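Student: here is the input, now give the coordinates:
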Amino acid sequence: MSLGDRARYSARTHVGHTRAVNEDAILSLPEQSLWVVADGMGGHEAGDYASRMICDMVATMPPESPPADRLRLLRDLIGRAHDEIRAESARRGGATIGATVVAMTMAQEHFACLWAGDSRLYRLRGGEIDMLTEDHSLVAGLVASGTLGWDEAERHPQANTITRAVGVGDALELDKVTGALAPGDRFLLCSDGLTKYATFAMLRRILSEAPIETVADRLVQLALDGGGADNISVIVVDAV
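Tutor: A predicted model of the protein is given here:
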């Protein structure tokens, strides 16, 4: 946990109970108010490579980058990771290699998030929790139509089937959400290793109760207690 100019945060990633390798990767750059969670796909070496490539590429953002340019640079760097992952896939004979990503930055009283796949951004404000991203997955359409809620979608047989990822497909598609910061806002970036075990009510309770020093640990433990069948990555950011 570190203190930046605009936020305090805690971050943790865990391999879980059943996986041999952690294919998730996380990045925290508090001096630049920038945080990233990436969740690899494609098998042990491939998934690990893809998620780490995204974080390593974003970590090259120049520290002196003006806040107004940060979102454009973030998009460009994730795009470069997309190209590198596709090149690696070609070198491996066309194997599927990719990663979901959720990345958030804050500047000048606002936040902005880019994402692809089913890694998520939540916000706790005034005791209420909102999911600010929308999964790029087969079940997301069922949620959009009102057939399922997000908590029910986590238990759907096709819950893990995503439709968008960094490194997959010719052109990278990143969605964006932006908004104003309010005093006391708390943000959660996470991989689906957490959300498949955590309902909205569970997340709201822990995010409301736990101090920044222990909140990431408590969220990871929630997923481990629920089964921990996937890698788990969590970053919690408090706007100050």
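Student: burial count for residue 213?
Tutor: The number of residues packed near residue 213 is 10, by other CB atoms under 10 Å. (C-beta placed from N, C-alpha, C; glycine too.)
Student: three-state assignment of it?
Tutor: Each residue gets one of three states, and residue 213 gets coil by DSSP: H, G, I helix; E, B strand; the rest coil.
Student: quick one, phi psi at it?
Tutor: The main-chain torsion angles of residue 213 are listed as degrees, to the nearest 10 and equal phi -70, psi -30.
Student: thought it was touching residue 10?
Tutor: Yes: taking CB atoms under 8 Å as the definition, residue 213 is a contact partner of residue 10 at 6.5 Å.
Student: where does the protein dip in pLDDT?
Tutor: Segments of the chain classed as low confidence (criterion: pLDDT under 70) are 1-6, 44, 138, 141, 143-148, 150-160.
Student: would you map the helices across it?
Tutor: Chain-ordered helices for the chain, with DSSP state H as the definition, fall at 44-58, 70-91, 140-144, 150-153, 192-195, 200-209, 215-226.
Student: tell me which of those helices sits most buried.
Tutor: Per residue and on average, the most neighbours among the helices of the chain fall to helix 192-195, with a mean of 27 (mean count of other CB atoms under 10 Å).
Student: show me what that one is packed against.
Tutor: If contacts are counted by 3 or more CB pairs under 8 Å, 6 or more residues apart in numbering; DSSP states H and E, helix 192-195 sits against helix 215-226, strand 232-239.
Student: the last one - contacts with which helices or strands?
Tutor: Same thing as strand 232-239. Contact partners of strand 232-239 among helices and strands, from 3+ CB pairs under 8 Å, 6+ apart: strand 7-14, strand 24-29, strand 34-41, strand 98-107, strand 186-190, helix 192-195, helix 215-226.
Student: quick one: closest of these to residue 177.
Tutor: Distances from residue 177 to each of the helices and strands packed on strand 232-239 were compared using CB to CB; the shortest belongs to strand 98-107, at 9.2 Å.
Student: using PDB, write out every CA atom in the closest one.
Tutor: Taking only C-alpha atoms (Å, rounded to 0.1, in the frame of the first residue of the first chain), the coordinates of strand 98-107 have been written out as PDB:
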ATOM      1  CA  GLY A  98      -4.600 -13.100 -25.000                       C
ATOM      2  CA  ALA A  99      -5.700 -11.400 -21.900                       C
ATOM      3  CA  THR A 100      -8.600  -9.400 -20.500                       C
ATOM      4  CA  VAL A 101      -7.700  -6.000 -19.100                       C
ATOM      5  CA  VAL A 102      -9.100  -3.200 -16.900                       C
ATOM      6  CA  ALA A 103      -7.100  -0.100 -16.500                       C
ATOM      7  CA  MET A 104      -8.000   3.100 -14.500                       C
ATOM      8  CA  THR A 105      -6.400   6.500 -14.300                       C
ATOM      9  CA  MET A 106      -7.400   9.600 -12.300                       C
ATOM     10  CA  ALA A 107      -6.600  13.200 -13.100                       C
END
